[in-house]
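Peer 1: got a predicted structure plus its sequence, pasted below:
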Amino acid sequence: MGIKIVFPGNKRVDAIMPSGFTIHTDQPVREGGDGTAPAPFELFLASIGTCAGIYIVGFCESRGIPYQDIEIYQDLVYDPIARKIAKVKLEIRVPKDFPEKYYDALVKSANICAVKKTIENPPEFETYTTVKEG
């Protein structure tokens, strides 16, 4: 069930997923990469909003509410003193005809995202080196 990380060249780093998908990453040209794919941190940030989106889609589908015109606008508040992201803001933008009675439920749905929960309660990390077989 592991994810295999490979190095195809220059600043590109790919993740080969157990599902068979390969996620490509690269660094911007200004940082020595080829700019052929998002940087790993960009993918991390995108995973927050897209995960929230999956839960919003599920909520809407379960109630027969169209979701295709909903958008999530993700913004970051940066703390220049701590030199880190201080807050992630998700603004759920709904069309004018979206039922107002479901606004809070959309927020609750977005907030049960597994990525958000993992960030809020981070796992322990263990990194080590071994010798490849073969």
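Peer 2: Cool, the structure landed.
Peer 1: can you report how many residues neighbour F125?
Peer 2: Counted with other Cβ atoms under 10 Å, residues neighbouring F125 total 5. Where you see a C-beta, it was placed from the backbone N, CA and C, and this is true even at glycine.
Peer 1: give me the nearest residue to the spatially most central residue of the chain, chain neighbours excluded.
Peer 2: In the chain, the centroid-proximal residue (Cα atoms, centre = their mean) is S47; its distance is 0.7 Å. Counting by Cβ to Cβ, 6 or more residues apart in numbering, S47 lies nearest to V115, which is 5.0 Å off, once chain neighbours are set aside.
Peer 1: tell me if I am right that the one you found is in a strand.
Peer 2: No. Counting by DSSP: H, G, I helix; E, B strand; the rest coil, V115 is not part of a strand but helix.
Peer 1: mind pulling up the pLDDT for it?
Peer 2: pLDDT, V115: 96.
Peer 1: likewise M1?
Peer 2: For M1, the predicted pLDDT is 75.
Peer 1: same check, this time on E124
Peer 2: pLDDT, E124: 97.
Peer 1: check which helix or strand it maps to.
Peer 2: Taking DSSP states H and E as the definition, one finds E124 inside no helix or strand.
Peer 1: residue contacts, it?
Peer 2: Residues counted as contacts of E124 (Cβ atoms under 8 Å, 6 or more residues apart in numbering): none.
Peer 1: from I3, how far out is it?
Peer 2: Note on E124: its distance to I3, by Cβ to Cβ, to the nearest Å, is 17 Å.
Peer 1: I119: neighbour count?
Peer 2: Neighbours of I119 using other Cβ under 10 Å come to 13.
Peer 1: how much space between it and I5?
Peer 2: Distance from I119 to I5, by Cβ to Cβ: 21 Å.
Peer 1: any idea whether the residue nearest to the centre of the chain is helix, strand or coil?
Peer 2: helix.
Peer 1: and what of the one 4 residues further on?
Peer 2: Of the three states, C51 takes helix according to three-state DSSP.
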